[in-house]
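S.K.: generate coordinates for the sequence data below:
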Amino acid sequence: MNRLFTKTFKTALAAGILAVCGTGAAQVMNLKMAHQWPQDESDYVISIASRFVQEVEKRSNGQIKIAVFPAESLVKAGATHTALKNGTVDLAVYPYIYSAGAIPEMNLVLLPGLWKTHDDAFAFRKSEAWKKLEQKAEAFGFKTLSWIQISGGVASTKKAIHKPEDVSGMKMRAAGKFMEYALQQAGASTVSMPSSENYSAMQLGLLDGIWTSSGSFGAYRMYEVAKFYVSPEDFSVFFTIEPIAISMKTWNKLSPEQQRIMTEVGASLEQAALEGAKKEDSRVARLFADKGVKVEKMSEADWKTWQAWFAQHSFAKFRKDIPGGEELIGDSARPAK
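M.R.: Below you'll find the model as predicted:
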């Protein structure tokens, strides 16, 4: 009787150990990804994020599953960097400028006039300046997995805006505080408000002009209230980045193989994201044109005029306000060591 009990107990114990080990080997890692936009697959940013989710699950043989929480349903956009730092969000598609309050150097990614074309902005990800920003971000608590960039033009109601003197006396919403400062120096009064309020503000005459991303112009139907639009299709003074980022707390829980999968999948999507950004600029310009808005592309001559203005005002303020600002601007055009 005792021998039978002992044998049965040992068999059950062995089976239990195998079951636990088997469960551990097949354990699925469930991660959460947040972003601020509606889950619209026609948006190239959302499409790239969805492809990332699908490809990571496929290449991990289903061992990494990522649930997507769109439209700020998991965390407010402005608090995303803190959620990544704390590990309450595992991944995010995230405008890095929102982290500039915690990482002042990150203001560089929204410095107007820093880049001229999408290809210039794309090349920045291989620069010494970006290497330094990545180190700052990782020390804070998040890591870049896939580079996604956006650009934008300027829409207005009274006249087309081609050069700094055109904004004198106008009420403008700028793309970031360093553009805001430069527009003020050109005689504009600047207004800060959420993107969701831009439509009504322009409709009511509270805004004469707005500089924002192509995606935001399209999402909030600004082509219904604007009269003029200067498109960023060829040249732009406004670029910024909205990469796929992962919490360092989550990253450090991954095996080397899982880290490799995420890194490789992210890198494989960057060229598609670049092409998506270019197509988005053209798509939104057509939306404006189809509504009868006068659309013009920013010319290279106008870009040079704006760039000189931003270099005089925005760059100077960046150098003054941001630790190591002078070096960061210089490193923007230097390949990473």
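
S.K.: low-confidence ranges, the protein, go.
M.R.: Across the chain, residues meeting the criterion (pLDDT under 70) sit at 1-26.

S.K.: nearest the geometric middle of it, what residue?
M.R.: E242 (1.0 Å; C-alpha atoms, centre = their mean).

S.K.: need the contact list for V93.
M.R.: Contacts for V93 were tallied using C-beta atoms under 8 Å, 6 or more residues apart in numbering; they are M33, A34, H35, W37, V45, I46, A49, I148, E242, P243, I244, A245. Glycine gets a C-beta too; all of them are placed from N, C-alpha and C.

S.K.: quick one, strands of the protein?
M.R.: Across the chain, reading from the start of the chain, the strands by DSSP state E fall at 29-34, 64-69, 91-93, 142-146, 149-151, 154-156, 171-173, 189-190, 209-211, 228-231, 239-241, 244-247, 294-297.

S.K.: identify whichever of the ones you listed lies nearest to A267.
M.R.: Distances from A267 to each of the strands of the chain were compared using C-beta to C-beta; the minimum, 7.0 Å, belongs to strand 142-146.

S.K.: partner strands of that closest one, with direction?
M.R.: Partner strands for strand 142-146, per DSSP bridges, with pairing direction: strand 244-247 (antiparallel).

S.K.: returning to what we had before: got JSON lines for the strands of the chain, with distance to A311 too?
M.R.: Shown next, in JSON lines, are the strands of the chain (distance: least, C-beta to C-beta, whole Å):
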{"stretch": "strand 29-34", "distance to A311": "36"}
{"stretch": "strand 64-69", "distance to A311": "40"}
{"stretch": "strand 91-93", "distance to A311": "31"}
{"stretch": "strand 142-146", "distance to A311": "27"}
{"stretch": "strand 149-151", "distance to A311": "19"}
{"stretch": "strand 154-156", "distance to A311": "18"}
{"stretch": "strand 171-173", "distance to A311": "19"}
{"stretch": "strand 189-190", "distance to A311": "19"}
{"stretch": "strand 209-211", "distance to A311": "17"}
{"stretch": "strand 228-231", "distance to A311": "19"}
{"stretch": "strand 239-241", "distance to A311": "15"}
{"stretch": "strand 244-247", "distance to A311": "30"}
{"stretch": "strand 294-297", "distance to A311": "22"}
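
S.K.: looking at the ones you listed, which is closest to R221?
M.R.: When these are compared by C-beta to C-beta, strand 154-156 sits nearest R221, at 11.2 Å.

S.K.: format the contacts of V93 as TSV; extra columns: distance to K85.
M.R.: As requested, the contacts of V93 are arranged in TSV below (distance: C-beta to C-beta, whole Å):
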residue	distance to K85
M33	16
A34	13
H35	17
W37	22
V45	22
I46	24
A49	20
I148	20
E242	18
P243	16
I244	16
A245	11
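
S.K.: of the residues you listed, which is the nearest to L204?
M.R.: Top of the list for closeness to L204, among these and by C-beta to C-beta, is W37 at 25.3 Å.

S.K.: from L111, how far off is that closest one?
M.R.: Distance of W37 to L111, computed by C-beta to C-beta, to the nearest Å: 24 Å.

S.K.: of these two, who's got more company?
M.R.: Comparing W37 with L111 by neighbour count (other C-beta atoms under 10 Å), the higher total belongs to L111, at 27 against 18.

S.K.: does the more buried one touch F178 like I think?
M.R.: Yes. The pair L111 / F178 is scored as a contact, 5.6 Å apart, by C-beta atoms under 8 Å.

S.K.: between those two, which contacts overlap?
M.R.: Common neighbours of L111 and F178, using C-beta under 8 Å, 6+ apart, are F310, S314, F318.

S.K.: mind listing what the second one touches?
M.R.: Contacts of S314 were listed using C-beta under 8 Å, 6+ apart, and they are L111, P112, G113, F178, M179, Y181, A182.
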